[in-house]
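Trainee: Build me a structure from this.
(one chain, ligands or ions: 1)
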Amino acid sequence: MNEKITFEDVVQNTSNGVIATDCNGHIQIFNKKARQLLNVTDQDLVGKDIEPIIPSVGRAVHDCLLGKKPVYGRQCPLGVSEIIVNITPIFRSEKLIGTVCNFQKLSAFETAAQKTDSYQNLNRQFETIFHSSSDGIWVCDGNGIVLSINSASEILNGIEADHVIGRSVFDLQMDMVFDHSVTSKVMASRQRETVMQYIAKSQKYLLSTGTPSIDEQGNIALIVINERDMTELNTLRRKFERSQMVREKYQQELSELTLFTLKKNSIIAESSNMRQLLQMALKLSHIGASNILVLGESGTGKGLLARMIHKNSSRGQKPFVEINCAALPENLLEAELFGYEKGAFTGARDKGKIGLVELAQGGTLFLDEIGDMPLLLQTKLLKYLDNQEIRRIGGTEFIKVSCSVIAATNQNLQENVQKKLFREDLYYRLSSFVLKLPPLRERVDDVSGLVRFYLNKFNKKYSYNKTISPQAIRRLQKYSFPGNIRELKSIIENGVVLSDSNLIDDFVVSSVTDEPPPGKNAVQHHLPDTDDLNLNRNLKTLEKQLLKQARKKFRTTREMAAKLGVSQPSVVRKLQKYNIS
Ligand SMILES: Nc1ncnc2c1ncn2[C@@H]1O[C@H](COP(=O)(O)OP(=O)(O)OP(=O)(O)O)[C@@H](O)[C@H]1O
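Mentor: I've put the predicted structure just below:
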């Protein structure tokens, strides 16, 4: 009769390891297979906590006890191999009394299957990365055969993967898929290469970098090519280059404009220091700057510069009102500047008079010879500059006047400030921007241009066709021109008018003697033949003689001033003093 199989037999002979624990995780029952798989003795297991024996299974047991739920398919390391464990809670009358663990070793096949699974997972991850990359990616083998390309590459190159996979990059190049191949470069150099490709089909520029993967034998196993679309960047670069060109063109136009401006304003400036100064002046015009102080010796072109600043500013169409602060006595100057109401003072016109500041409304007020402005008037001017309003002499009403102010002087204003001849606050108010005109002797490069300019001008004016030789111009370039451009202008005008020959050289050269003639000095030459040695009287006589001579020779007081080396207002005052008309 067949022997009856007990439950014990079943448990002991099952191919799985079986361990039962109490609800504390202590081992109560185990079978042979369990002992075998764990490679332990009975004593190692009986009543022992499962966790120190197989920690990963122990943890699973505790999970099962805590959750009161089975734990299936837990993969746990066991020495160098792995086991797969199912743990089920044991209930009696619904009370949890322990667990039963059923486990078996993973076979080599099962381990391989597991590994394949994880490879598949990895592969899936790579596939996702490969196809979701916005950069194009190609993979070629060591012979340049395309193994795969990603979706971005299909778009960037305007191709389909099926049409290129399995083909050689050399073929693709022949078929004009791209103009040159980075893969072939990598194959030749065996190192990372980068090329810029033009893709005719998609009309894109791609920056392609090929990176080789070298195997253990030192052969190129794979070449991975990464493509980046540079079309956008190239468009941006082209736009940038275009805007650069436009900027250069504007700059060129600006410098041409400067030349044009100079021509328009009859300003000659060939020397670099003068050009720089004029550029600065034009900038001030364009920004609508006010309170510009122009410094420079007499005849250097301060008035001309002030007019240029005005003309080229947004106020150019508005009045340019010029007042020579040295030319009028204090009371008249005030009336001229600020105007007066009728009957404001004896001699005032019946109707009253509008002042120059008011006339300059919206335009430019040019205060020439500001250094000669009397102190009392300086205070009134400062008040106007601060409040932008004036009150006519004898008037009660304040009138708002907005104009830009340019002041000029050949004096050292800072020195005047120190000597208390000029108000310091006014000085700072007027000198927000300072332009210093160099004397002509410091801009020799301008001489020849100025000579040609004025020769041409006076030839036209007097209907002559006089000329000057380069040698005479060179002589002029060595002259110190105490009267600056005004003196040069006057020499050329006189040369054109007075010189007998067509060539004005002789006249010009004789006009520019810096040194007095040998044996005689200027004073001796003009000394009256008298026994009267009174210094003051003789100086006055000499001054009068010189003024008379200059009056005869020059048409304007400015020209006289240039030659005499004093300011024009002082010439005017002296002419009045000696009653020379
Ligand atoms: N760069 C220049 N190009 C051509 N002409 C010039 C130049 N600079 C000055 N001039 C001419 O020289 C003369 C004197 O110029 P301007 O009256 O402007 O000088 P200034 O410095 O104001 O003299 P002052 O201090 O005596 O008033 C003018 O006829 C002017 O046109």
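
Trainee: I'd like the secondary structure assignment at Ile90, please.
Mentor: Secondary structure assignment for Ile90 (DSSP: H, G, I helix; E, B strand; the rest coil): strand.

Trainee: hey, what's the residue nearest to it when sequence neighbours are not counted bridged with?
Mentor: What sits nearest to Ile90 in space, not counting adjacent residues and going by CB to CB, 6 or more residues apart in numbering, is Gly98, at 4.6 Å. Placement of C-beta: from N, CA and C, glycine included. Beta-bridge partners recorded for Gly98 (DSSP bridges): Asp22, Ile90.

Trainee: how far away is Gly98 from the ligand?
Mentor: 113 Å (CB to the nearest ligand atom, to the nearest Å).

Trainee: Ok, Ser480 next?
Mentor: Applying CB to the nearest ligand atom to Ser480 and the ligand gives a distance of 16 Å.

Trainee: what about that residue, which helix or strand?
Mentor: Assigned by DSSP states H and E, Ser480 belongs to no helix or strand.

Trainee: Phi, psi for it please.
Mentor: phi -90, psi -10 (degrees, to the nearest 10).

Trainee: That one and Arg441 touch, don't they?
Mentor: Yes - assessed by CB atoms under 8 Å, Ser480 is found in contact with Arg441 at 4.9 Å.

Trainee: okay, these two: which has more neighbours?
Mentor: Between Ser480 and Arg441, Arg441 has the larger neighbour count (other CB atoms under 10 Å), namely 15 against 12.

Trainee: Can you show me the strands along the stretch 151-300 of the chain?
Mentor: Using DSSP state E, counting those that start in this stretch, the strands assigned to the stretch 151-300 of the chain run over residues 193-199, 204-214, 220-229, 292-295.

Trainee: Save those strands as CSV, and put in distance to the ligand too.
Mentor: Below are these laid out as CSV (distance: least, CB to the nearest ligand atom, whole Å):
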stretch, distance to the ligand
strand 193-199, 53
strand 204-214, 53
strand 220-229, 57
strand 292-295, 8
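
Trainee: my read: Lys574 touches Lys548, true?
Mentor: No - using CB under 8 Å, Lys574 is not in contact with Lys548, being 10.7 Å away.

Trainee: Neighbour count: these two, which is higher?
Mentor: Lys574 (19 against 13).

Trainee: Tell me the pLDDT of that one.
Mentor: pLDDT for Lys574: 85.

Trainee: Could I get the contacting residues of the nearest residue to Thr364 once chain neighbours are set aside?
Mentor: Of all residues not flanking Thr364 in the chain, His310 sits nearest, at 4.1 Å (CB to CB, 6+ apart). If you count contacts by CB atoms under 8 Å, 6 or more residues apart in numbering, His310 has them with 285, 316, 320, 363-364, 366, 404, 406.

Trainee: got the residues of this structure near the ligand?
Mentor: Selection of the chain residues close to the ligand by CB under 6 Å from any ligand atom yields 266-269, 296, 298-304, 368, 410, 450, 485-486, 489, 558, 568.

Trainee: residue contacts, the residue of the stretch 251-400 of the chain found nearest the ligand?
Mentor: The ligand sits closest to Gly301 of the stretch 251-400 of the chain, with a gap of 2.6 Å, by CB to the nearest ligand atom. Taking CB under 8 Å, 6+ apart, we find Gly301 in contact with 267, 437, 484-485.

Trainee: Please apply the same query to Phe178.
Mentor: 157, 172, 197-199, 206.

Trainee: Drop anything exposed from those residues.
Mentor: 157, 172, 197, 199, 206 (16 or more other CB atoms under 10 Å).

Trainee: Which pair of these spans the longest distance?
Mentor: Leu172 and Leu206 (13.5 Å; CB to CB).

Trainee: and Thr541, that one's in a helix?
Mentor: Yes - judged by three-state DSSP, Thr541 forms part of a helix.

Trainee: I'd like to know the phi and psi angles of Ala408, please.
Mentor: Note on Ala408: backbone dihedrals following degrees, to the nearest 10 are phi -140, psi 150.

Trainee: right, and it touches Thr364 too?
Mentor: No - taking CB under 8 Å as the definition, Ala408 is not a contact partner of Thr364, at 12.0 Å.

Trainee: overlap in contacts of these two?
Mentor: Ala306.

Trainee: circling back to that earlier point, for the contacts of Gly301, pick the one with the most neighbours.
Mentor: That'd be Leu437 among the contacts of Gly301, by other CB under 10 Å, with 26 neighbours.

Trainee: Could I get the contacting residues of that residue?
Mentor: 274, 277, 294-297, 300-302, 305.

Trainee: go with 6 Å
Mentor: By CB atoms under 6 Å, 6 or more residues apart in numbering, the contact list for Leu437 reads 296, 300-301.

Trainee: JSON lines please, covering these and showing distance to Tyr462 and pLDDT.
Mentor: As requested, these are exported to JSON lines (distance: CB to CB, whole Å; pLDDT from 0 to 100):
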{"residue": "Gly296", "distance to Tyr462": "29", "pLDDT": "94"}
{"residue": "Thr300", "distance to Tyr462": "26", "pLDDT": "95"}
{"residue": "Gly301", "distance to Tyr462": "23", "pLDDT": "95"}
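
Trainee: for the stretch 401-550 of the chain, what spans make up the helices?
Mentor: 413-418, 424-430, 447-462, 470-478, 484-498, 505-511, 522-526, 535-553 (DSSP state H, counting those that start in this stretch).

Trainee: Report all helices and strands that the last one contacts.
Mentor: It stands for helix 535-553. helix 557-564 (3 or more CB pairs under 6 Å, 6 or more residues apart in numbering; DSSP states H and E).

Trainee: go with 10 Å
Mentor: When contacts are defined as 3 or more CB pairs under 10 Å, 6 or more residues apart in numbering; DSSP states H and E, helix 535-553 packs onto helix 484-498, helix 522-526, helix 557-564, helix 568-577.

Trainee: Least reliable of these by average pLDDT, please.
Mentor: helix 522-526 (a mean of 46).

Trainee: Please export the C-alpha coordinates of stretch 141-149 as CSV.
Mentor: Extracted C-alpha coordinates of stretch 141-149, given in CSV (Å, rounded to 0.1, in the frame of the first residue of the first chain):
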residue,chain,number,x,y,z
ASP,A,141,30.4,52.8,-37.9
GLY,A,142,34.1,52.9,-38.3
ASN,A,143,33.8,52.7,-42.1
GLY,A,144,31.4,55.6,-42.4
ILE,A,145,28.2,53.5,-42.8
VAL,A,146,25.3,55.3,-41.3
LEU,A,147,23.8,53.2,-38.4
SER,A,148,21.1,55.6,-37.3
ILE,A,149,20.0,59.2,-37.3
